[in-house]
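Colleague: here is a sequence with its predicted model. Questions after.
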Amino acid sequence: MAETKRDYYEVLGVSKTATKDEIKSAYRKLAKQYHPDINHSPDAPKKFEEVQEAYDVLYDDAKRAQYDRFGQAAFQQGASTGGAGNPFGGGFSSQGFGDVDLGDIFNSFFGGGARRSSASTGPSKGQDTLTRVRIDFMDAINGVKVTVPLNYDEPCPHCHGTGAESESDYVTCPYCGGSGVERTQQRTIFGLMEGQTTCPHCGGSGRIVKNKCHECGGKGYSKVHKDLLVNIPAGINSGQQIRVSGKGGKGNNGGPNGDLYVEVLVNEDPSFRREGNDIHLDVPLSFVDCALGTEIDVPSVYGEVTVAIPEGTQPDQVLKLKGKGIKDLRTQKPGDQYLHIKVKTPVKLSKAQKDLLREFQAQEGKKESPFSKWKERFKK
């Protein structure tokens with residue numbers, strides 16, 4: 001079972017409204033307190049890693065925004081290496097530590113942070129990427145196909161991302177022995193530190209290409225521009241995402257591309273309001289139609305529907321049209337449409353209309369009027 005991580009704000013001991021200066025100050029204090037070369041307690045490395053990870057996210061405005069919105073789900077396992085399930089890409093990167101750049105120190109001695117102690121030289125999937133499209137309200141109801149202009153790195157079809165002309169045209173790096181890292185020593189404010197850094201000869205791949213691929217010149221990929229046709233399913237809601245396999249960031253060492261996540265933003269409609277899979281609509285009626293009852297043709301997201309308005313309908317009364325809402329993406333079960341009755345009082349009446357209303361008023365009598373009945377309650 002995966003270990004549940006503590007809230008990043010709790011780790012640094014700051015509030016969710018903390019400024020960047022407050023976050024940096026809290027980080028500097030805790031990093032000095034728990035750095036393994038200063039604090040030799042058994043739990044120091046884990047606490048130092050926890051502090052570093054929290055700072056990496058909260059000090060970066062983009063990552064902090066994703067964390068505030070999605071929590072730990074925005075940085076699930078695989079986020080640092082671009083694994084599947086993370087539509088936001090990116091891992092963690094160290095920021096400044098006063099006058100000392102801990103990014104330089106930890107990149108040199110811990111391979112980019114205390115969390116990694118060795119380089120991965122095998123094929124690995126590229127980072128997932130995110131793009132957004134905006135569609136009209138009715139397109140979300142009925143479904144639509146949209147064209148997404150896309151620039152991405154496509155694996156070379158000849159070398160399949162290795163950068164070599166053939167499998168025999170690359171060898172194990174003689175400088176790092178295929179590990180992708182080199183051992184280093186450096187004197188720092190914490191004393192003499194031993195660590196490792198990415199091998200400069202093979203770039204961390206653990207291999208050196210002897211004969212470069214004639215198609216890509218050894219890059220292993222080519223820049224591609226495509227207009228990608230994406231099918232937006234009927235019933236999608238604003239903020240939901242569609243995964244397009246293999247159209248994300250390029251893989252490493254011949255690994256597959258990451259995935260592209262297309263987030264759909266839906267424009268509001270001037271009349272229909274969506275709540276989940278239900279549709280709400282305000283319907284204006286005259287007080288005569290409400291009093292006597294009537295039959296009307298009401299717009300729905302699928303066309304007009306004939307509705308019987310019962311006599312005696314009250315202002316703001318809600319009528320339900322069962323099954324006239326939006327079909328659920330997974331179950332295809334439709335929601336409902338709700339009609340909110342808005343009674344409109346006429347402001348200009350003809351003499352004949354006024355005479356009829358006065359006659360109605362006289363027959364009703366003052367004691368039978370709604371106001372008189374309401375006021376009687378205060379006399380009891």
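Modeller: Now that the structure is in, tell me what you want to look at.

Colleague: in the stretch 201-350 of the chain, which spans are strands?
Modeller: Along the stretch 201-350 of the chain, the segments classed as strands by DSSP state E, counting those that start in this stretch run 207-209, 221-232, 241-244, 260-266, 273-275, 278-286, 294-300, 303-309, 318-321, 337-344.

Colleague: now the fifth one: average pLDDT?
Modeller: It stands for strand 273-275. For strand 273-275, mean pLDDT rounds to 95.

Colleague: what pLDDT does E50 get?
Modeller: E50 is given a pLDDT of 89.

Colleague: what does the one 10 residues further on give?
Modeller: Each residue has a pLDDT score; the one for D60 is 88.

Colleague: ditto for the one 4 residues further on
Modeller: In the predicted model, R64 carries a pLDDT score of 89.

Colleague: now K354
Modeller: Value for K354, per-residue pLDDT: 91.

Colleague: next one: K247
Modeller: Among the per-residue scores, K247 shows a pLDDT of 89.

Colleague: what number of residues lie near it?
Modeller: Applying other CB atoms under 10 Å, we find 23 residues neighbouring K247. Heads up, the C-betas are built off the backbone N, CA and C, glycines and all.

Colleague: what's near enough to touch it?
Modeller: Residues near K247 by CB atoms under 8 Å, 6 or more residues apart in numbering: T129, L150, Y152, L228, N257, D259, L260.

Colleague: let me have those residues in TSV, adding pLDDT, distance to M138 and neighbour count as columns.
Modeller: Conversion of the contacts of K247 to TSV gives the following (pLDDT from 0 to 100; distance: CB to CB, whole Å; neighbours: other CB atoms under 10 Å):
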residue	pLDDT	distance to M138	neighbour count
T129	90	29	21
L150	88	26	17
Y152	82	31	20
L228	91	23	15
N257	85	34	24
D259	91	28	23
L260	91	25	24
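
Colleague: burial count for the residue nearest to E182 when sequence neighbours are not counted?
Modeller: Distances taken as CB to CB, 6 or more residues apart in numbering put C199 closest to E182, at 5.2 Å, once the chain neighbours are dropped. C199: 22 surrounding residues under other CB under 10 Å.

Colleague: same deal with the one 5 residues further on?
Modeller: Other residues within reach of G204 by the criterion other CB under 10 Å amount to 22.

Colleague: so for it, what's the pLDDT?
Modeller: For G204, the pLDDT comes out at 76.

Colleague: just checking, it touches T198?
Modeller: Yes - if you go by CB atoms under 8 Å, G204 and T198 touch, sitting 4.2 Å apart.

Colleague: how about the contacts made by G325?
Modeller: Applying CB under 8 Å, 6+ apart, the residues contacting G325 are N277, D278, I279, V301, P334, G335, D336, Q337.

Colleague: just the buried ones among those residues, please.
Modeller: Among the contacts of G325, the ones that count as buried by 16 or more other CB atoms under 10 Å are N277, D278, I279, V301, P334, G335, Q337.

Colleague: tell me how far the third one lies from G143.
Modeller: I take that to be I279. 16 Å (CB to CB, to the nearest Å).

Colleague: how many residues are close by F360?
Modeller: For F360, the neighbour count with other CB under 10 Å is 10.

Colleague: so for it, what's the pLDDT?
Modeller: You'll see F360 listed with a pLDDT of 87.

Colleague: quick one: secondary structure of it?
Modeller: helix (DSSP: H, G, I helix; E, B strand; the rest coil).

Colleague: coming back round to it: redo the contacts of G325 as JSON lines? Include distance to S350.
Modeller: Shown next, in JSON lines, are the contacts of G325 (distance: CB to CB, whole Å):
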{"residue": "N277", "distance to S350": "45"}
{"residue": "D278", "distance to S350": "41"}
{"residue": "I279", "distance to S350": "37"}
{"residue": "V301", "distance to S350": "38"}
{"residue": "P334", "distance to S350": "45"}
{"residue": "G335", "distance to S350": "43"}
{"residue": "D336", "distance to S350": "40"}
{"residue": "Q337", "distance to S350": "36"}
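
Colleague: nearest to C173 among these?
Modeller: For the contacts of G325, the residue nearest C173 by CB to CB is N277; the value is 56.4 Å.

Colleague: what sits against the closest one?
Modeller: So N277 contacts G235, G325, I326, K327, D328, K333, P334, G335 (CB under 8 Å, 6+ apart).

Colleague: wait, doesn't the last one sit right on D278?
Modeller: Yes - in terms of CB under 8 Å, G335 counts as a neighbour of D278; the distance is 4.3 Å.

Colleague: what is in contact with these two at once?
Modeller: Common neighbours of G335 and D278 are listed as G325, I326 (criterion: CB under 8 Å, 6+ apart).
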